[in-house]
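Novice: got a structure for you, letters missing:
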């Protein structure tokens with residue numbers, strides 16, 4: 001059973017990102033404030049869930065959360081700032097979009113760029129320990145996967161609907177055959 005809170009404060013927000021290791025597409029981040037008693041069955045790190053279970057949990061989270069927001073940093077942002085800084089930028093954008101100002105930020109991972117006026121704590125593998133980080137993991141992953149499916153319609157050779165922009169052999173072969181798209185991260189080693 002995942003924990004409800006790190007600080008016990010009523011509006012602690014969980015933060016996570018999706019897409020840091022991809023060759024194409026934006027990096028997404030989500031911020032989620034859950035009611036303390038909300039514990040959807042099966043909620044955990046999104047990477048451990050089936051796509052169907054993630055989609056079911058996304059519906060529950062979006063409907064039941066006290067507040068939630070999803071934001072992104074583009075491939076241009078990634079090129080300008082680097083992937084770590086772009087991930088923090090996406091997280092900051094998500095926090096800024098919340099309808100309630102969080103009392104604390106609980107961030108998945110070991111590093112974060114401080115958000116002005118709100119204290120934070122980084123938790124390594126937090127998406128497998130805390131409900132609101134796991135919820136943020138689910139939202140970031142499902143919204144990003146949805147975006148990559150949309151982009152795949154315009155760039156079918158890269159199979160982003162299957163690989164979500166990650167560096168699969170098939171994706172790299174498509175880059176060799178067709179070249180990079182405007183959605184590829186040109187600062188990354190594509191081949």
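Specialist: Now that the structure is in, tell me what you want to look at. Because the structure is a prediction, the values reported are computed rather than measured.
Novice: what's the average pLDDT for stretch 108-124?
Specialist: Averaging pLDDT along stretch 108-124 yields 97.
Novice: between the two ends of that stretch, what distance do you get?
Specialist: The first residue of stretch 108-124 is 6 Å away from its last residue (C-alpha to C-alpha, to the nearest Å).
Novice: for the residue lying closest to residue 167 once chain neighbours are set aside, give its distance to residue 3.
Specialist: Among residues not flanking residue 167 along the chain, residue 23 sits closest, at 5.1 Å (C-beta to C-beta, 6 or more residues apart in numbering). For glycine as for every other residue, the C-beta is placed from the backbone atoms N, C-alpha and C. Separation of residue 23 from residue 3 (C-beta to C-beta, to the nearest Å) stands at 34 Å.
Novice: could you do residue 174 as well?
Specialist: Counting by C-beta to C-beta - residue 174 and residue 3 are separated by 42 Å.
Novice: for these two, indicate the residue with more neighbours.
Specialist: Taking other C-beta atoms under 10 Å, residue 174 and residue 3 do not tie; residue 174 has more neighbours (21 against 15).
Novice: ok, and for the helix or strand containing the more buried one, which residues are buried?
Specialist: Under the criterion of DSSP states H and E, residue 174 resides in helix 169-178. Neighbour counts using 16 or more other C-beta atoms under 10 Å place 171, 172, 174, 175 of helix 169-178 among the buried residues.
Novice: where does the protein dip in pLDDT?
Specialist: Residue ranges of the chain with pLDDT under 70: none are present.
Novice: quick one: the strands in this protein, in order.
Specialist: Ranges of strands within the chain are 12-18, 27-33, 67-73, 104-108, 120-123, based on DSSP state E.
Novice: contacts for the shortest one next, please.
Specialist: Residues external to strand 120-123 that are found in contact with it (C-beta atoms under 8 Å, 6 or more residues apart in numbering): 6-7, 104-112, 114, 129-130, 133.
Novice: give me the buried subset of the residues you listed.
Specialist: 6, 104, 105, 106, 107, 108, 109, 112, 129, 130, 133.
Novice: for this structure, which helix is longest?
Specialist: With secondary structure taken from DSSP state H, the chain has its longest helix at helix 131-154.
Novice: show me what counts as buried in that one.
Specialist: 131-145, 147-148, 151-152.
Novice: quick one: residues contacting the residue lying closest to residue 36 once chain neighbours are set aside.
Specialist: Distance criterion C-beta to C-beta, 6+ apart; nearest residue to residue 36, sequence neighbours excluded, is residue 4 at 4.9 Å. Contact analysis of residue 4 by C-beta under 8 Å, 6+ apart lists 34, 36, 37, 39, 130, 131, 132.
Novice: kind regards, and thank you for your time.
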